[in-house]
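Novice: Mind folding the following:
(one chain, ligands or ions: 2)
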Amino acid sequence: MAKTLYVFAGSVWAAVAELAVAELGYKEDDVTFKTVNLVEGENFAPSFLKINPNGTLPTLESNGQVYKSTAEVTAVLVKDAPTKVKAGSTIIQTIHEEKYDPNFAMLLARNDAELTAKSAGLAGMFLSKRQEALEKLSADPEAEAFKAFYETKKGQNGGLLAIVTGKAPEEHKAGFFDKSQAHFDSVKTAVFEVIPGFLPDSGFIGGEAPGEDDFHVGAWLTRIAATTGAKSADDALAAMEKAYGAPVPAKVAAYWGAWTARPSWKKVYAGGLH
Ligand SMILES: N[C@@H](CCC(=O)N[C@@H](CS)C(=O)NCC(=O)O)C(=O)O
Ligand SMILES: *[C@@H]1O[C@H](CO)[C@@H](O)[C@H](O)[C@H]1NC(C)=O
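Specialist: Ligands and ions are numbered 1, 2, ... in the order given. Next comes the predicted model:
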């Protein structure tokens, strides 16, 4: 029952699957990890689109099947695992809602100061390298079959890149700031109201050990902490308090403590919060 899991160290949703593998008692040989470098746009290679036409991580090959979304990948990892944990719930859909998208949470900028900082940082580099990869890979004869995919991606990524590099019209930039503010507020609502609504006072949604829901929520929360400037388990609560102007709810703080104490979390985030 060998499995191949496609991941990337900076990916929030791949981290869900990585936490699951680390928690679920899989042996070293059970799961082969393959890195797809999202910053270099390797997910846009025709060879990867043949595996997952959406070009996203995580992707899992298992038993001759390909699983192409975080929810499906994680469900299979849970189902086949040596260690049994609590099955997931509608919390998974909730945390994956567009309005809480942890990837846009990283790219967003609400004003010129934030935009300047993001352009100079990883976000600017990420967008420009991806655009380069899209231009290059879409010219490959193998890419013909994915023409529509490339056109859509070039448009979306190119639009963001134009804003970040100051080449977009003023009204696009203003629209981006508005969209960013709305997203920031929505993520804040998730941290302060939505997540505390389903968290226990201590431990995990799955009980004493993380369950299927927890893999998703743990990775999401870690990314959100990173977007507020957190660099480690220890500074995250202060970073979130500063960004949001209020201490995070007690349940969220307890949950953060529970996750960050686990060897699985320490392993997945050994290279930093992402
Ligand atoms: N809805 C998808 C989203 C997955 C996703 O967006 N993954 C990111 C990494 S965290 C990705 O692969 N992005 C590449 C891209 O969109 O170009 C899922 O849940 O699997
Ligand atoms: C692939 O992308 C489409 C369009 O965004 C989406 O509707 C679909 O759910 C995605 N498939 C998976 C497996 O994530």
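
Novice: rest of the way, CA atoms for contacts and neighbours
Specialist: Will do.

Novice: Of all residues in the stretch 151-274 of the chain, which one is closest to ligand 1?
Specialist: In the stretch 151-274 of the chain, the residue found nearest to ligand 1 is Lys153; the distance is 7.6 Å by Cα to the nearest ligand atom.

Novice: list the contacts for that residue?
Specialist: Contacts for Lys153 were tallied using Cα atoms under 8 Å, 6 or more residues apart in numbering; they are Leu134.

Novice: didn't Gly218 look like it was pressed against Trp259?
Specialist: Yes: here Gly218 lies in contact with Trp259, judged by Cα atoms under 8 Å, at a distance of 6.8 Å.

Novice: quick one on the thing from earlier: please pull up the helix or strand immediately following the helix or strand hosting the residue of the stretch 151-274 of the chain closest to ligand 1.
Specialist: Secondary-structure assignment from DSSP states H and E places Lys153 in helix 147-164. Towards the C-terminus, the helix or strand next in line after helix 147-164, according to DSSP H and E, is helix 170-189.

Novice: Give the buried residues for that next one.
Specialist: Applying a neighbour-count criterion of 16 or more other Cα atoms under 10 Å, one finds Lys173, Phe176, Phe177, Asp178, Ser180, Gln181, His183, Phe184, Ser186, Val187, Lys188 buried in helix 170-189.

Novice: got it, and stretch 255-274?
Specialist: Neighbour counts over stretch 255-274 (16+ other Cα under 10 Å) mark 255-260, 264-266, 268-269, 272-274 as buried.

Novice: With distance to ligand 1 and secondary structure as added columns, please give those in CSV.
Specialist: Formatted as CSV, those follow (distance: Cα to the nearest ligand atom, whole Å; DSSP: H, G, I helix; E, B strand; the rest coil):
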residue, distance to ligand 1, secondary structure
Tyr255, 22, helix
Trp256, 20, helix
Gly257, 23, helix
Ala258, 23, helix
Trp259, 19, helix
Thr260, 20, helix
Ser264, 18, helix
Trp265, 17, helix
Lys266, 19, helix
Val268, 14, helix
Tyr269, 14, coil
Gly272, 15, coil
Leu273, 13, coil
His274, 10, coil
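
Novice: Please list all residues in contact with the spatially most central residue of the chain.
Specialist: Closest residue to the average C-alpha location of the chain: Val12 at 2.3 Å, with Cα atoms, centre = their mean. Neighbouring residues of Val12 by Cα under 8 Å, 6+ apart: Pro102, Asn103, Ala219, Trp220, Arg223, His274.

Novice: got it, and Pro196?
Specialist: Pro249, Lys251, Val252.

Novice: Roughly how far does it sit from Val78?
Specialist: Between Pro196 and Val78 the distance is 24 Å, computed by Cα to Cα, to the nearest Å.

Novice: Make sure Leu38 is actually in contact with Phe8.
Specialist: Yes: at 6.8 Å, Leu38 and Phe8 qualify as touching, with contact defined as Cα under 8 Å.

Novice: on that earlier part again, which of the contacts of Pro196 fall within helices?
Specialist: Among the contacts of Pro196, the members found in helices (DSSP state H) are Lys251, Val252.

Novice: Sketch out the low-pLDDT regions of the protein for me.
Specialist: Along the chain, the parts satisfying pLDDT under 70 run over 1.

Novice: quick revisit: centre of the chain versus the helix holding Lys153, how much separation?
Specialist: 19 Å (Cα atoms, centre = their mean, to the nearest Å).

Novice: do that helix and ligand 2 meet?
Specialist: No: contact of helix 147-164 with ligand 2 (Cα under 6 Å from any ligand atom) is absent, the minimum separation being 9.7 Å.

Novice: burial of Gln65, as a residue count?
Specialist: Neighbourhood size, Gln65 [other Cα atoms under 10 Å]: 9.

Novice: distance of it from Glu170?
Specialist: Where Glu170 is concerned, Gln65 sits at a distance of 47 Å (Cα to Cα).

Novice: Okay, and Thr32 sits in which element?
Specialist: With elements delineated by DSSP H and E, Thr32 resides in strand 31-35, which encompasses its position.

Novice: For that strand, name the packing helices and strands.
Specialist: strand 3-7 (3 or more Cα pairs under 8 Å, 6 or more residues apart in numbering; DSSP states H and E).

Novice: now what about the strand it packs on, what contacts it?
Specialist: Outside strand 3-7, the residues within contact range by Cα under 8 Å, 6+ apart are 14-15, 30-36, 57-63.
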